[in-house]
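>>> My questions concern the predicted model and sequence given below.
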Amino acid sequence: MSYRTFPDKPVLHVGDLADPAQMNACFDGIQAELEDRTAAALLDGVAAGLACTIHGTAVDIAVGQAYVSGLLFTGGTSLGFGAEEPAGTYYICIDPSNLAAPYTKSQSPPGAGKLALCSVRWDGSGLSDLADLRPLGLKPACLRFSIAGAVSAGPIAYGILDRDLWVEDVQMMLAQTGSAGQTVVDVHIGNPGGEPTSIFTDQSRRPSIESAAPSYSLAVSGPPDTNRQATAGQVLRVDVDAAATEAAGLGLIIRARYL
């Protein structure tokens with residue numbers, strides 16, 4: 001939006017008295033415009049900090065920076081738990097729709113428009129099993145690999161990371177899903193001079209497609225649970241861990257964020 005067409009720009013003249021209402025409307029409009037442009041250009045995510053830790057019966061959220069729906073949140077707060085709250089797993093999130101109290105806890109996984117920071121287990125009297133769920137980075141990255149013909153088990157691609165990355169997930173597609181078995185893909189990342197290791201400690205999170213699935217089926221991995229924060233200069237290897245009989249035409253993307 002250009003300055004000349006900015007809707008809250010007041011028309012001022014020499015000798016006019018300062019009008020607080022006009023000035024506040026202008027400043028509010030500028031802030032709203034900047035937030036809209038930020039939301040359009042960047043992913044929701046954590047730029048720095050906001051790590052969660054257990055402190056007695058509270059979860060402390062460290063100082064940092066996160067952008068959600070174009071709004072900046074800086075952490076430095078705590079969420080307490082009491083005996084009146086049911087035992088179970090809770091998600092600590094940023095909810096930009098509630099600016100008076102944007103840091104929330106809920107037993108429901110965060111939906112669209114909310115940003116997860118961590119999950120934690122509450123047993124009615126104490127906290128445990130904290131898991132870091134922060135999506136690090138604001139600029140999207142996408143690494144693409146493909147096989148045009150028959151798919152067989154083994155390494156299919158190698159690479160060198162040229163920038164720091166935080167890996168979101170791995171997505172795969174098969175043009176021909178095959179006649180028996182399933183196709184499973186894994187991604188390995190590690191330092192030069194050594195064998196790269198899987199980003200999935202829990203191997204059930206790897207993307208897989210059964211031979212009974214329709215042609216051109218898509219599969220999305222679960223969240224990687226190790227090596228998720230990779231650095232420039234590390235090596236990458238994509239493996240087909242299992243290939244369905246007669247599977248062919250594999251497309252794969254590693255969705256990530258630049259750090």
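Arrived safely, thanks for sending. Only a predicted model underlies this, so the values are computations on that prediction, with no experimental measurement involved.
>>> Show me where the chain has its helices.
20-41 (DSSP state H).
>>> just for it, where's the confidence low?
1-11, 18, 31-41 (pLDDT under 70).
>>> Grab the most central residue of it for me.
Computing the C-alpha centroid of the chain and ranking residues by CA atoms, centre = their mean puts residue 135 first, at 3.6 Å.
>>> show me the contacts for that residue.
By CB atoms under 8 Å, 6 or more residues apart in numbering, residue 135 lies in contact with 43, 44, 45, 46, 115, 116, 166, 168, 257. Where C-beta positions appear, they are placed from N, C-alpha and C, glycine not excepted.
>>> need these in CSV with distance to residue 76 and neighbour count, can you?
Compiled in CSV, these are given as follows (distance: CB to CB, whole Å; neighbours: other CB atoms under 10 Å):
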residue, distance to residue 76, neighbour count
43, 23, 16
44, 19, 19
45, 18, 20
46, 14, 25
115, 16, 24
116, 18, 16
166, 22, 19
168, 26, 23
257, 23, 21
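>>> Give me the subset of the residues you listed lying in strands.
45, 46, 115, 116, 166, 168, 257 (DSSP state E).
>>> Roughly how far does residue 216 sit from residue 52?
From residue 216 across to residue 52, the span is 40 Å (CB to CB, to the nearest Å).
>>> Looking at those two now, which is surrounded by more residues?
residue 52 (22 against 12; other CB atoms under 10 Å).
>>> Next, count neighbours for the residue lying closest to the more buried one once chain neighbours are set aside.
Leaving out its chain neighbours, the residue that sits closest to residue 52 by CB to CB, 6 or more residues apart in numbering is residue 118, at 3.8 Å. With neighbours defined by other CB under 10 Å, the count for residue 118 comes to 21.
>>> Need phi/psi at the residue nearest to the centre of the chain.
phi -80, psi 100 (degrees, to the nearest 10).
>>> so residue 141 bridges to which residues?
For residue 141, the beta-bridge partners are residue 256 (DSSP bridges).
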